[in-house]
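Visitor: How does the following fold in three dimensions:
(one chain, ligands or ions: 1)
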Amino acid sequence: MKPIVFHLPGDEAFANRLVSTLQAEPAGLELHRFPDGESLVRLDADVTGRTVVLTCSLARPDEKTLPLLFAADAARDLGAAKVLLAAPYLAYLRQDRRFHAGEAVTSRSYAALLSTAFDGLVTADPHLHRYHALDEIYRIPTRVVHTAPLIARWVATHVERPLLIGPDSESEQWVAEVAAAAGAPWIVLQKIRRGDRDVEVSLPDVSAWRDRQPVLVDDIVSSARTMIQAVASVRRVGLPAPVCIGVHALFAPAAYEELLASRPARVLTCDTVPHASNEISVVEPLAHALEELMGEIAS
Ligand SMILES: O=P(O)(O)OC[C@H]1O[C@H](OP(=O)(O)OP(=O)(O)O)[C@H](O)[C@@H]1O
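Guide: Next up, the predicted model:
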């Protein structure tokens, strides 16, 4: 039987494309906010014995997670056979250790919370820095979509003589994968973060790449300080204005406008978080990952 796909408000476009790729059954999820700030979730379909997929991009997770957990619990309570989460952006992975005494390791707490509510999870390029795989913290089956081949295809078809640039050493493996698939050279910058909005990056010697079009690639663009500083460094050494590609368009208030004001050649992102800059779609590989996961869970 086809899965039933529900989505949280804001994720209509992604959910519609997921439904048509999966040839699944769409259904309504009503979210009501009471005057006291509490929320009520209502599933507008008979889920008895069915596989339910809840679609939710988890940018701004604090306001979405509780309704999401309520919806998952309601689906189970109403007799769903399995309840899966399709979260093209998965939140709370950056706090992957206790950076200061007394801090919560929210990556672990959040994974524990979602693992109790869902039978499985699919996502795209989770921010795995000090973890190597989601199963280090998630106790449910997971599938990960890699955007590198999609980004490489975009670069190969839109940019002549590209030079792929990662903004920090952490991005090396990933930028190298995009570059290899696009048949282009790559370098990484050195980044020092001093605060949420205080970032400094420095460039290696780029004299060999003066005839190339720089393409900055990063997974998360949040305050956009990393991208803005990288654009400035690239321009400072006399390279052409770079194309900026981000996977997850988190964009804090004003960050997108500030990034555009730094005069990059252009800015584009994947559709893991709905945003005006979305240009590369992860829907197809995410739908395939979901099909694989459903097969694994059913067997
Ligand atoms: O748009 P911004 O606010 O600059 O954030 C984006 C950066 O943050 C993330 O890195 P991470 O948090 O793992 O490392 P960092 O703290 O060293 O940047 C991500 O990989 C980007 O490089």
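
Visitor: what are the bridge partners for residue 270, then?
Guide: residue 280 (DSSP bridges).

Visitor: correct me, but it touches residue 148?
Guide: No. Contact between residue 270 and residue 148 fails when scored by C-beta atoms under 8 Å: they sit 10.8 Å apart. The C-beta positions use only the backbone N, C-alpha and C, and glycine is treated the same way.

Visitor: So which of these two has more stuff around it?
Guide: Taking neighbours as other C-beta atoms under 10 Å, residue 270 and residue 148 compare with residue 270 leading, 28 against 20.

Visitor: quick one: the more buried one from the ligand, how far?
Guide: 14 Å (C-beta to the nearest ligand atom, to the nearest Å).

Visitor: Next, the buried residues of the helix or strand bottoming out on mean pLDDT in the chain.
Guide: Sorted by mean pLDDT, DSSP states H and E, the helices and strands of the chain end with strand 198-202, the least confident at a mean of 86. For strand 198-202, burial by neighbour count (16 or more other C-beta atoms under 10 Å) applies to 199, 201.

Visitor: Just checking the distance from it to the centre of its chain.
Guide: Here strand 198-202 is found 23 Å from its chain centre; the criterion is C-alpha atoms, centre = their mean, to the nearest Å.

Visitor: is any part of that strand close to the ligand?
Guide: Yes. Residues of strand 198-202 contacting the ligand under C-beta under 6 Å from any ligand atom: residue 199.

Visitor: quick one: strands adjacent to that strand?
Guide: For strand 198-202, pairing defined by DSSP bridges yields strand 190-195 (antiparallel).

Visitor: average pLDDT for the partner strand?
Guide: Mean pLDDT, strand 190-195: 89.

Visitor: Would you agree residue 90 is in contact with residue 118?
Guide: No. If you go by C-beta under 8 Å, residue 90 and residue 118 don't touch, sitting 11.7 Å apart.

Visitor: Can you tell me the closest non-neighbouring residue to the residue most central in space within the chain?
Guide: The C-alpha lying nearest the average C-alpha coordinate of the chain belongs to residue 89 (C-alpha atoms, centre = their mean; 3.2 Å). Nearest residue to residue 89 in three dimensions, chain neighbours excluded: residue 272, at 4.3 Å (C-beta to C-beta, 6 or more residues apart in numbering).

Visitor: surely that neighbour meets residue 56?
Guide: No. Between residue 272 and residue 56 there is no contact under C-beta under 8 Å: 11.3 Å.

Visitor: between these two, which one's more packed in?
Guide: Using other C-beta under 10 Å, the more surrounded residue of residue 272 and residue 56 is residue 272, with 31 against 27.

Visitor: Let me know the secondary structure of the more buried one.
Guide: With DSSP: H, G, I helix; E, B strand; the rest coil as the basis, residue 272 sits in coil.

Visitor: sorry, back to before: which residues touch the residue nearest to the centre of the chain?
Guide: 57-59, 123-124, 248, 250, 272-273 (C-beta atoms under 8 Å, 6 or more residues apart in numbering).
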